[in-house]
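*Asks:* please work out how this folds:
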Amino acid sequence: MSGVPDWTDAKLAHVRAVGSRCLTWDVPVAIACSGGVDSTALLLLASSMRDQLAPFFVVHVDHRTRVESAEEGRHVAALCALLDVPFVAADVDADWRIGEHVAEHRLRAARYEALARVVRAHNLRAVVTAHTQDDQVETILMRLLSGTGSGGAAGMLPTSTIATASGDLQILRPLLDVSRSDLMRVVEDAGVEPILDPSNADTRYARNALRHEIIPQLRRLYPGFPATLLRSMMLVRDDAMVVNDLANGVFAEIVEATSRGALVDRNALRRASRPVASRIVRRVARQVSTAASDADWRELSSERIDAVLRAVQGRAGAKIELPHGVDVIIERDRVVFAQRGGRDDDDGRPTPG
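*Replies:* Reported below is the predicted structural model:
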């Protein structure tokens with residue numbers, strides 16, 4: 001088969017079995033490939049399945065945090081040439097310096113922005129990432145330990161849309177049910193040498209600390225881990241989807257957008273259950289904020305949401321400052337969400353100023 005490594009029949013059958021189980025896109029996409037084990041395996045799986053998939057590009061994003069990253073891009077480009085797969089190199093638009101320690105959420109936002117530019121430039125429909133079952137476990141634990149609600153605790157979705165400065169970006173995650181060890185076998189069977197990013201061993205990053213220190217201990221203490229965690233979070237996700245639908249319906253009825261913010265019917269917000277009300281507060285705050293796309297919305301914690309909901313139940317006149325430039329003012333019949341620094345006109349609506 002053209003563009004496929006020299007696999008034995010048995011190894012190729014295994015690879016195609018893994019690929020056919022999870023790779024199903026039917027629109028042109030970009031595959032994000034760092035050159036590491038997971039994304040290299042995704043590239044190899046897609047290459048072996050190209051007769052059953054819509055066309056795809058491979059994109060390597062240079063995060064510009066290490067001097068080696070440009071060479072890693074050339075490594076991915078060479079593999080794509082061997083596989084006869086179109087390749088695009090992309091750089092992040094960021095102000096950090098090589099060697100600087102950059103927060104994970106800033107790296108992620110810059111990466112998705114770079115991918116969105118490629119998707120837009122090549123008229124693609126989505127980007128495919130190599131997030132695995134192992135990544136899902138790490139994400140769930142990180143969110144749980146930061147005090148997330150049921151939506152966040154449910155983990156990553158197979159399909160989601162992320163807002164970037166270059167427009168909305170659809171993300172496909174077809175490998176969420178595939179373990180990292182399965183992908184390692186794909187790479188080993190192909191005889192491909194993946195890139196080993198030394199930053200993945202840097203335990204200053206919370207995800208790496210979980211991966212190398214905490215999760216091995218959980219596996220030792222709880223023999224059913226991580227399957228039990230994933231099963232529990234699947235049930236949580238089902239419940240969260242029901243509440244999200246309820247919150248979306250209430251949101252449409254009680255929230256009115258204004259030039260610099262939004263007005264929320266106070267009595268209706270009072271009557272809403274806490275899970276519904278908290279989702280409305282969070283959603284309005286994010287819509288009103290003018291924060292950059294790389295803002296860390298974990299700062300809008302459950303404690304901040306609770307402060308707003310307590311004020312809604314109390315007296316008029318209270319003012320709560322939320323992260324990323326959002327003020328909440330409690331009036332008699334409504335709750336005003338305004339960009340910080342705005343002023344109210346005689347009607348109580350935020351106006352430019």
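*Asks:* could you pull out the strands for the chain?
*Replies:* Per DSSP state E, the chain carries strands over the ranges 29-32, 56-62, 87-91, 126-128, 159-164, 167-172, 255-258, 261-265, 319-322, 326-330, 334-339, 343-344, 350-351.
*Asks:* let me have those in a markdown table, extended by mean neighbour count.
*Replies:* In this view, the C-beta of every residue, glycine as well, is placed from N, C-alpha and C. Formatted as a markdown table, the strands of the chain follow (neighbours: other CB atoms under 10 Å):
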| stretch | mean neighbour count |
| --- | --- |
| strand 29-32 | 24 |
| strand 56-62 | 23 |
| strand 87-91 | 18 |
| strand 126-128 | 23 |
| strand 159-164 | 14 |
| strand 167-172 | 17 |
| strand 255-258 | 15 |
| strand 261-265 | 22 |
| strand 319-322 | 16 |
| strand 326-330 | 21 |
| strand 334-339 | 23 |
| strand 343-344 | 14 |
| strand 350-351 | 18 |
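*Asks:* distance check, Leu42 against Ile31.
*Replies:* Look at Leu42 and Ile31: by CB to CB, to the nearest Å, they are 6 Å apart.
*Asks:* hey, what's in contact with both of these two?
*Replies:* The contact sets of Leu42 and Ile31 overlap at Val128 (CB atoms under 8 Å, 6 or more residues apart in numbering).
*Asks:* got a list of what the residue lying closest to Val264 once chain neighbours are set aside touches?
*Replies:* Computed as CB to CB, 6 or more residues apart in numbering, the closest residue to Val264 that is not its neighbour in sequence is Val335, at 4.3 Å. By CB under 8 Å, 6+ apart, the contact list for Val335 reads Leu263, Val264, Arg266, Leu269, Val308, Val312, Val328, Ile329.
*Asks:* from those residues, which is closest to Glu188?
*Replies:* Val308 (52.0 Å; CB to CB).
*Asks:* check contacts around the closest one.
*Replies:* Val281, Ile320, Leu322, Val328, Val335.
*Asks:* which positions within stretch 141-161 qualify as buried?
*Replies:* Neighbour-count burial for stretch 141-161, counted by 16 or more other CB atoms under 10 Å, picks out Leu141, Met142, Arg143, Thr148, Gly149, Ser150, Gly151, Gly152, Ala153, Ala154, Gly155, Met156.
*Asks:* CSV for the strands of the chain, including distance to Arg304 and mean pLDDT?
*Replies:* Shown next, in CSV, are these (distance: least, CB to CB, whole Å; pLDDT from 0 to 100):
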stretch, distance to Arg304, mean pLDDT
strand 29-32, 33, 97
strand 56-62, 32, 95
strand 87-91, 35, 95
strand 126-128, 32, 97
strand 159-164, 21, 90
strand 167-172, 26, 94
strand 255-258, 18, 95
strand 261-265, 16, 97
strand 319-322, 6, 95
strand 326-330, 10, 96
strand 334-339, 13, 96
strand 343-344, 22, 48
strand 350-351, 20, 43
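*Asks:* and the ones you listed: which comes nearest Ala291?
*Replies:* Of all those, strand 326-330 comes closest under CB to CB, at 8.7 Å.
*Asks:* report the longest helix in this structure, please.
*Replies:* Longest helix in the chain by number of residues, with DSSP state H as the criterion: helix 227-254.
*Asks:* can you list the buried residues in that one?
*Replies:* For helix 227-254, by 16+ other CB under 10 Å, it's Leu229, Leu230, Met233, Val236, Ala240, Val243, Asn244, Ala247, Val250, Phe251, Ile254.
*Asks:* ok, back up a step: can you pick out the most distant pair from the contacts of Val335?
*Replies:* Every pair of these checked by CB to CB; the farthest is Leu263 and Val308, at 14.2 Å.
*Asks:* re the thing from before, out of the strands of the chain, nearest to Val186?
*Replies:* In terms of CB to CB, the element of those nearest to Val186 is strand 29-32, at 14.2 Å.
*Asks:* tell me how far the closest one is from the chain's mean position?
*Replies:* Taking CA atoms, centre = their mean, to the nearest Å, one finds strand 29-32 lying 15 Å from the centre of the chain it belongs to.
*Asks:* now stretch 230-250
*Replies:* Taking mean C-alpha positions (CA atoms, centre = their mean), stretch 230-250 and its chain are 18 Å apart.
*Asks:* stretch 228-245 now?
*Replies:* The mean C-alpha position of stretch 228-245 is separated from the chain mean by 17 Å, CA atoms, centre = their mean.
*Asks:* ok, the residue nearest to His105 when sequence neighbours are not counted to Glu138 distance?
*Replies:* Nearest non-adjacent residue to His105, counting by CB to CB, 6+ apart: Asp296, 4.6 Å away. Using CB to CB, Asp296 is found at 18 Å from Glu138.
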